[in-house]
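K.L.:
I would like the atomic coordinates for the input below:
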Amino acid sequence: MANSGKKYGLFIDNAWVEASEHFTSLNPATEEPIGEFASATLEEVDLAVKAARRAFDEGDWPRMSAFERGRVLRRAAELMKERTEDFAGAETLDTGKPIFESRNVDVPGAADELEYYGCLVVDLLGESIPVGDTALDYTVREPVGVVGAIIPWNFPLVLACRKLAPALAAGNTAIIKPASWAPLTTLMLGDLFLEAGLPPGVMNIVSGSGRVTGEALLRHPQVDKLSFTG
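P.N.:
Have a look, this model is predicted:
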């Protein structure tokens, strides 16, 4: 759970990194500070992208079997369910929505996204296409590379997992940027995935403004795909 005196860093390469700049996020119900959150600079976004690029080009994740990747996502879903009250309390604190909704819609919905894609990826196969007796035509599914994801403020946990789960299941690596109005539960995914066994660099979290952090992620030449909801 957040406290108003805490400073939150950036999650890069499976470690929490101190940022050079911060911003204050407020509880919209009381207008009291939740904490000081990292505002990632161009250079800090570059560190996150390079960690994701390295993990994709040189790491184990894209080369793991679909079953192994799915197992990590399913473990993350189990951990989230075990911590429903922590995630629900943080989502309500950060967005101002009723605790009933956070507890019964947001957290179960986010866990369902992780579990769904953790199961689905095992059954995603290529196709053999009939072209006659003299040739062989088939498709192979391959990860696209480094995926950037920019999350809105209204359902931050659900939408973070909705973007993250399919990208990771397919063998991509990711950098995720939560909305500066509601960054808390997305940042909590760092420790969750660390405990679930995600290798270093596969998932990175950079908080900050759309104007600086989001723009840096959007324009980075080593990001292969960007998913944006706003």
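
K.L.:
And E44, how far from V147?
P.N.:
Separation of E44 from V147 (CB to CB, to the nearest Å) stands at 18 Å. To be clear about C-beta, it is placed using only N, CA and C from the backbone, and glycine gets the same treatment.

K.L.:
now do P130
P.N.:
Look at P130 and V147: by CB to CB, they are 33 Å apart.

K.L.:
ok, T229 - how many residues close by?
P.N.:
Using other CB atoms under 10 Å, T229 is surrounded by 14 other residues.

K.L.:
Next: V131.
P.N.:
10.

K.L.:
what sits against it?
P.N.:
D137 (CB atoms under 8 Å, 6 or more residues apart in numbering).

K.L.:
Quick one: classify K50 as helix, strand or coil.
P.N.:
At K50 the chain is in helix, as set by DSSP: H, G, I helix; E, B strand; the rest coil.

K.L.:
okay, now P98: neighbour count?
P.N.:
Counted with other CB under 10 Å, residues neighbouring P98 total 11.

K.L.:
quick one: S102 is in a helix?
P.N.:
Yes. According to three-state DSSP, S102 belongs to a helix.

K.L.:
ok, it - contacts?
P.N.:
If a contact means CB under 8 Å, 6+ apart, then S102 has 87-89, 91-92, 95 as its contacts.

K.L.:
What separation do you get for it and L47?
P.N.:
Per CB to CB, S102 is found 32 Å from L47.

K.L.:
Please apply the same query to D13.
P.N.:
In terms of CB to CB, D13 sits 8 Å off from L47.

K.L.:
can you give me the strands for the chain?
P.N.:
Per DSSP state E, the chain carries strands over the ranges 7-8, 10-12, 15-17, 22-26, 33-38, 128-129, 137-138, 146-150, 173-177, 203-205, 225-228.

K.L.:
looking at these, which is closest to L189?
P.N.:
strand 203-205 (6.8 Å; CB to CB).

K.L.:
Which secondary structure element of the chain has the lowest mean pLDDT?
P.N.:
One helix or strand of the chain scores below all others by mean pLDDT, DSSP states H and E: strand 137-138, with a mean of 74.

K.L.:
so how far is I175 from the closest residue to D46 other than its chain neighbours?
P.N.:
Leaving aside its sequence neighbours, D46 sits nearest to H220 (CB to CB, 6 or more residues apart in numbering; 7.0 Å). The gap separating H220 from I175 is 8 Å, by CB to CB.

K.L.:
One more: A182?
P.N.:
18 Å.

K.L.:
Between the two, point out the one with more neighbours.
P.N.:
I175 (30 against 25).

K.L.:
That one and A149 touch, don't they?
P.N.:
Yes. Using CB atoms under 8 Å, I175 is in contact with A149, at 7.3 Å.

K.L.:
on that earlier part again, list residues touching both of H220 and I175?
P.N.:
Shared contacts of H220 and I175 (CB under 8 Å, 6+ apart): 45, 49, 148.
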